[in-house]
Every structure is written in structure tokens, then in C-alpha cells.
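Engineer: Show me the folded form of this:
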Amino acid sequence: MKIKVKNIQQLGSVSKLVRKSQSLDQETAGLLSGNGLTFISQFENGKETVEIGRVLNLLEQLGIELEINLPPNLSDKTIDKLKEIHDKYVG
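Structural biologist: Numbers count the residues shown, from 1 in each chain. Below you'll find the predicted structure:
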């Protein structure tokens, strides 16, 4: 299922719902993702200054994949560079 995310509060709420659907408490989710209970709580409650790297790691551990939609009409040069970035990190 795909949903459009507009803010950190929404992303935190989605993460919380998925975590609970997997019968994980915050402490366990924190341990699995290398984060502490405080971080998980702050993120799920929409704290806007949470670290993006830690959020991405938590989402990965929960099986949540993020995608971005790029603006249309990018130059061929930009598209080529984006493909290089994708291949470097995703393969």
C-alpha cells in the first residue's frame, strides 16, 4: 500500500501503527533498530527534529520502504546522475 506523507507527525503515526501490528513494543523496536526508547517515542509523537538516519533505520527494520517522487521534466544529465546514485545505493 502506498500513502503520501506530508509531515513527520504522519510518518511517526504510520510507523507506530506498523510497529503495533507486528506486536512490537517501543523498547523492542528500539533495540532492533539501534535506537532507544526515548527516540522511538519522540519520533512516533511527531518530534520534528528527529535524526533522519535513525528514522530510516527504524523504518527499514519495520519493513517500511520509502520512495520519493521527483519533479517532472528533469534534464537528461540529472536523470543520469540520479540513476548512478540509485545504482550505488540500491544496486
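Engineer: What sits closest to residue 65 if chain neighbours are left out?
Structural biologist: residue 59 (7.7 Å; CB to CB, 6 or more residues apart in numbering). Yep, even glycine has a C-beta here, placed from its N, CA and C like the rest.
Engineer: brain fart, residue 46
Structural biologist: The nearest residue in space to residue 46 (CB to CB, 6+ apart) is residue 9, at 3.3 Å.
Engineer: tell me which strands and helices the host helix or strand of that neighbour is in contact with?
Structural biologist: Counting by DSSP states H and E, the element that carries residue 9 is helix 8-21. Other elements packing on helix 8-21 under the criterion 3 or more CB pairs under 8 Å, 6 or more residues apart in numbering; DSSP states H and E are helix 37-44, helix 52-61.
Engineer: Please pull up the helix or strand immediately following the longest one.
Structural biologist: Proceeding N to C from helix 52-61, the next assigned helix or strand is helix 76-89, under DSSP H and E.
Engineer: contact partners of that following helix?
Structural biologist: By CB atoms under 8 Å, 6 or more residues apart in numbering, the surrounding residues in contact with helix 76-89 are 70, 74.
Engineer: I'd guessed the residue nearest to residue 46 sits against residue 50; true?
Structural biologist: No: Residue 9 is beyond contact range of residue 50, at 11.0 Å (criterion: CB atoms under 8 Å).
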